[in-house]
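Q: compute the structure for the input listed below.
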Amino acid sequence: NNNIIFDIGANKGQSIDRFSKLFKNTFFYSFEPSPEAFKILKSKYGNLNNIKLFNIALGSEKKRQIFHEYKNHELSSFIKINKKFEEKKNNIFVQIDTIDLVFKKNNLKKINFLKIDTQGYEELILKGAKKVIAKQKIDLIELELILGDYYEKSSSFKKIEDTLVSGGYKLLALDRRLNIFENKHFYFNALYASQNIYKNLFN
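A: So this is what the prediction gives:
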């Protein structure tokens, strides 16, 4: 009950629908930089009091940066798709903020669930959450990691592990078994828990 969820890479609201079925009385902070995807997001959820929508990205610092918006909005990213996959794109400038700044601006005491699905940008998003990670202000963190070569830069599972483990978080689950020979994207979701949540689960 009364969960605060940060939905980073909200796209068209898939995670809003998923978490609304799992948790009661949930308040969403949903972030989507793509103007086209955000239009759909706003038309579906703009009138709901428990959902706050932001047409911005989150990253390591506050700035503006070129964003590659693809025909399939789920693929849009700050990182270019490799030329061999030939996805049509439109380059736009988007505003970037950080989790630490949004947390402070909204006088939050806790983020119960942080979901990051940003096509390879998760490392920089976590850098912008140094303060809340160090203070264990996030209960659960779910990230999509892409280790394949679909984009010009792949995610680093080691860097994600180093950042979260040094902050006291523990890996709870990976959602699939796969390899790069069967799936060129080579992506999966990883779920991490704070020390307090981990102890409540297993002690």
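
Q: buried ones in stretch 120-133?
A: Judged by neighbour count using 16 or more other Cβ atoms under 10 Å, the buried positions of stretch 120-133 are G120, Y121, E122, E123, L124, I125, L126, K127, G128, A129, V132, I133. For glycine as for every other residue, the C-beta is placed from the backbone atoms N, C-alpha and C.

Q: which members of these are the farthest-apart pair?
A: By the measure Cβ to Cβ, G120 and V132 form the most distant pair in these, at 21.7 Å.

Q: what's the helix or strand for I16?
A: Assignment of secondary structure by DSSP states H and E places I16 within helix 14-22.

Q: and Q65, by the same measure?
A: Using DSSP H and E, Q65 maps to strand 63-70.

Q: what about the nearest residue to S155 once chain neighbours are set aside, how many neighbours?
A: Take S155 and drop its neighbours on the chain: the residue closest to it by Cβ to Cβ, 6 or more residues apart in numbering is L145, 4.4 Å away. Other residues within reach of L145 by the criterion other Cβ atoms under 10 Å amount to 20.

Q: now swap in Q14 and tell me
A: 13.

Q: how close does it get to K137?
A: Q14 sits 25 Å away from K137 when distances are taken as Cβ to Cβ, to the nearest Å.

Q: helices of this structure, start to end?
A: For the chain, applying DSSP state H gives helices covering 14-22, 35-45, 99-105, 122-127, 130-134, 157-166, 195-202.

Q: deepest in the core, which of those is it.
A: helix 122-127 (a mean of 21; mean count of other Cβ atoms under 10 Å).

Q: run the chain-centre distance for it.
A: In this view, helix 122-127 has its centroid 9 Å away from the chain centroid, taken as Cα atoms, centre = their mean, to the nearest Å.

Q: quick one: average pLDDT of that helix?
A: Summarised as a single mean, pLDDT over helix 122-127 is 95.

Q: show me the residue at the heart of the protein, geometrically.
A: Centroid-nearest residue in the chain: I116, 1.4 Å away (criterion: Cα atoms, centre = their mean).

Q: so it makes contact with L143?
A: Yes - with contact defined as Cβ atoms under 8 Å, I116 reaches L143; the gap is 4.7 Å.
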